[in-house]
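this one's structure only:
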């Protein structure tokens, strides 16, 4: 089978590997589609995303969909040909956080990424079936949508509240759709004309170009100087976090979703005190969020199809990553059947 391995920064190699055999509790997937994540781009560019360990040659691809190709002897609940999405987190099930149901905080977790190759193995407990209404390409966005759901579920979102999403990439547009579904007047702030136009095409009326407008002043104008009840950081930077503090309403909530990736930053933290703000961190998701993400896709509550702007064959993966790194389009999908 073909597999794409990162041999060094900016350099993928397509290699031939043996098709793996599943263990008793494993399922072999024929990979159909895999998305490129922002952390994948970091790794491709020679950076090490927080929580990652990179040893070359390095296997990536954690946003994927596939078809059950072969099953181990102890697998239950699945059949050959089932269309599924796998969660790559390998949890112990026995630590304090697993016992509390916080599997994404497992103290002994491992991880497997099998999207950028033709066949991959996953524990059958990590699989979720894809509804008939969802395509394989759309299903490859289950993992990022599940992470957005995990974050949104931490918030109290009153009907009629004002919500701001800082970031116009795929994560930002997914967050915006989830906020809108919960009855907020949703404002999107970004810097890329094409992405902001896509947001408008998806029905978002309040779209702010931070290249030409002051986001804080624009949010205050839209909210009649009230400020935003909810602000979601879908892109990480010290400046954007500061903007979030200033544009928040009294008793507002800020979801710190996209990491700034600095050990220390300087912020006017007294604003949190005097405005009584809640600053909430969010990292990763759980399998329950995968299930809910697929439901929302199948019910038409979240449009992920419009976010898929490019598709590349596995053998052309370097071009796919260069396209993603240059911020062309939105979501880029790698396919193995071409």
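Cool, got the structure. All values derive from a computational prediction rather than experimental measurement.

is it true that residue 144 lies in a helix?
Yes. Applying DSSP: H, G, I helix; E, B strand; the rest coil, one finds residue 144 inside a helix.

residues in contact with it?
Residue 144 sits next to 35, 37, 63, 170, 171, 174 when contact means C-beta atoms under 8 Å, 6 or more residues apart in numbering. Every C-beta, even on glycine, is put in place using the N, C-alpha and C of the backbone.

by contact count, what packs against the helix or strand where residue 231 lies?
Counting by DSSP states H and E, the element that carries residue 231 is strand 228-233. The contact analysis (3 or more C-beta pairs under 8 Å, 6 or more residues apart in numbering; DSSP states H and E) places strand 228-233 against strand 162-166, helix 170-181, helix 238-247, strand 248-256.

and the angle from the longest one to strand 228-233?
To tie it back to what came earlier, the one meant is helix 170-181. 160 degrees (axes from the mean of the first three to the mean of the last three C-alpha atoms, to 10 degrees).

buried sites along helix 170-181?
Under the neighbour-count criterion of 16 or more other C-beta atoms under 10 Å, helix 170-181 has 170, 171, 172, 173, 174, 175, 176, 177, 178, 179, 180 buried.

what sits closest to the second one if chain neighbours are left out?
If I follow you right, that is residue 171. Distances taken as C-beta to C-beta, 6 or more residues apart in numbering put residue 234 closest to residue 171, at 4.6 Å, once the chain neighbours are dropped.

surely that neighbour touches residue 175?
Yes. Using C-beta atoms under 8 Å, residue 234 is in contact with residue 175, at 5.4 Å.

what's the first-to-last distance across stretch 129-143?
End-to-end span of stretch 129-143 (C-alpha to C-alpha, to the nearest Å): 13 Å.

pull out the buried residues from it.
129, 130, 134, 135, 136, 137, 138, 139, 140, 141, 142, 143.

next: stretch 262-271.
For stretch 262-271, the neighbour count (16+ other C-beta under 10 Å) marks no residue as buried.

now the end-to-end length of it.
End-to-end distance (C-alpha to C-alpha), stretch 262-271: 21 Å.

for the record, mean pLDDT for that stretch?
Averaging pLDDT along stretch 262-271 yields 91.

which residues does the closest residue to residue 16 other than its chain neighbours contact?
Of all residues not flanking residue 16 in the chain, residue 2 sits nearest, at 6.6 Å (C-beta to C-beta, 6+ apart). Residues in contact with residue 2, defined by C-beta under 8 Å, 6+ apart, are 14, 15, 16, 17, 117, 118, 314, 315, 336.

most surrounded residue in those?
residue 117 (26 neighbours; other C-beta atoms under 10 Å).

in the sheet, who's paired with the closest residue to it other than its chain neighbours?
With C-beta to C-beta, 6+ apart as the criterion, residue 117 has its nearest non-adjacent residue at 3.5 Å, and that residue is residue 3. Counting by DSSP bridges, residue 3 forms beta bridges with residue 15, residue 117.

try the one 5 residues further on
Legend: beta-bridge partners of residue 8 under DSSP bridges are residue 11.

quick check, pLDDT for it.
95.

what about it, distance to residue 71?
36 Å (C-beta to C-beta, to the nearest Å).

ok, residue 17 next?
Distance of residue 17 to residue 71, given as C-beta to C-beta: 20 Å.

can you give me the helices in this protein?
For the chain, the helices defined by DSSP state H cover 38-44, 96-99, 136-139, 142-152, 170-181, 193-201, 215-222, 238-247, 270-275, 287-298, 317-325.

kind regards, and thank you for your time.
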